[in-house]
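Undergrad: When you get a sec, could you give me coordinates for this:
(one chain, ligands or ions: 2)
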Amino acid sequence: MSLSKVKHIVLVLSGKGGVGKSSVTTQLALSLSLAGHSVGVLDVDLTGPSIPRMFAIEDAKVTQAPGGWLPITVHEADASAGIGSLRVMSLGFLLPRRGDAVVWRGPKKTAMVRQFLNDVFWEETDYLLIDTPPGTSDEHISLAETLLQKARPDQLAGAVVVTTPQAVATADVRKELNFCAKTGIRVLGVVENMCGFVCPNCSECTNIFMSGGGEVMANDFGVLFLGRVPIDPQFLVLIETGKRPRYPEGTSVNGQDISTPANAVPENHEIRDSALLVRKYQDCSLTPIFAKITTDVISAVRQRNVV
Ligand SMILES: Nc1ncnc2c1ncn2[C@@H]1O[C@H](COP(=O)(O)OP(=O)(O)OP(=O)(O)O)[C@@H](O)[C@H]1O
Ligand code: SF4
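TA: Numbers count the residues shown, from 1 in each chain. Ligands and ions are numbered 1, 2, ... in the order given. Model prediction:
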């Protein structure tokens, strides 16, 4: 079975579109692989698969093998550098042209989600992150049903729920938390994205929206609050153009110093296939914030396995 070599499955969910679910998935995947774990990313956001663009692998084509579809390798493991492999599967790879929209009806989408869970051949994978479509739609319900049928109970680690601070977003995300409770999916924690704005002129972080909604919601549901991630325009530029961000000395976000060191990329993080990708993300202000969130997600997953 395609999931048999996967240790932990983590869903990334949000009740509302555009809150940064795919960005959070991408950053968690990079942080996990840089921490030495083998990582898979499965993009089942059929209405707008953005994961290939975020990993700069939009032109990749998946191949069919006896065990199923082979995911695209972003980079191989490099034991000497302490880096784990990173592989990605997305509907985006199967569309004839970049940016094509998927206008299928519910049953066809459901069939595709099932096929993705059944037929993608994942090698030994510590963490499989599943980027889901927003809301509690057909894809969601089908994904939850199929996972509960296909995955071993010890594999399904739980869900990371992404929200933005505004009350309207959290109202939608509350529905998502209720969906998890109904379908028996454990919530590993809540991330509040786009909380504050990092000014490109002086790198000061200002709260332009009301903040704290994600934490209040996490407390209400008795789940872990994983942290706040500000809006960084340089992160957007990085994702859209691949241009590396640089921050002046003294720049800090959420109390963390994120100024770009003179030699930003340590030698041992350079690996053949993904040197560029790893380099550009390592220089981003949000990377240390996501590294901390990743550590907390790992402990939440481990805690669950001990219990
Ligand atoms: N913290 C951030 N700082 C700057 N830009 C961000 C941040 N988080 C997300 N973005 C940008 O916002 C846009 C939407 O993010 P993303 O695609 O991750 O959201 P999503 O919730 O997955 O959306 P969808 O509902 O379409 O799947 C992207 O262009 C992304 O680069
Ligand atoms: S944060 Fe500072 S530099 Fe940025 S817009 Fe405001 S006053 Fe100007």
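
Undergrad: same question for the one helix or strand residue 25 maps to, mean pLDDT?
TA: Using DSSP states H and E, residue 25 maps to helix 21-34. Helix 21-34 shows an average pLDDT of 91 in the prediction.

Undergrad: Show me what secondary structure element comes after that helix.
TA: With elements assigned by DSSP H and E, the helix or strand that comes after helix 21-34 is strand 39-43.

Undergrad: Within the sheet, what are the partner strands of that following strand, with directions?
TA: Applying DSSP bridges, strand 39-43 is found paired with strand 86-90 (parallel), strand 125-131 (parallel).

Undergrad: Distance from that strand to the middle of the chain?
TA: 8 Å (C-alpha atoms, centre = their mean, to the nearest Å).

Undergrad: which residues are contacting that strand?
TA: Strand 39-43 is contacted by residues 6, 22, 25-26, 29, 32-33, 49-52, 55, 71, 84-92, 116-117, 120, 122, 125-131 when judged by C-beta atoms under 8 Å, 6 or more residues apart in numbering. C-beta coordinates here come from the backbone N, C-alpha and C atoms, glycine included.

Undergrad: tell me what the helix or strand that comes right after that strand is packed against?
TA: Sequence order places helix 51-54 as the next helix or strand after strand 39-43, per DSSP H and E. Counting contacts by 3 or more C-beta pairs under 8 Å, 6 or more residues apart in numbering; DSSP states H and E, helix 51-54 packs against helix 21-34, strand 39-43, strand 86-90.

Undergrad: one step back: can you tell me which of the strands paired with strand 39-43 is most buried?
TA: Neighbour counts (mean count of other C-beta atoms under 10 Å) averaged over each of the strands paired with strand 39-43 peak at strand 86-90, with a mean of 27.

Undergrad: gap between that one and the chain center?
TA: Worked out by C-alpha atoms, centre = their mean, strand 86-90 lies 11 Å from the chain centre.
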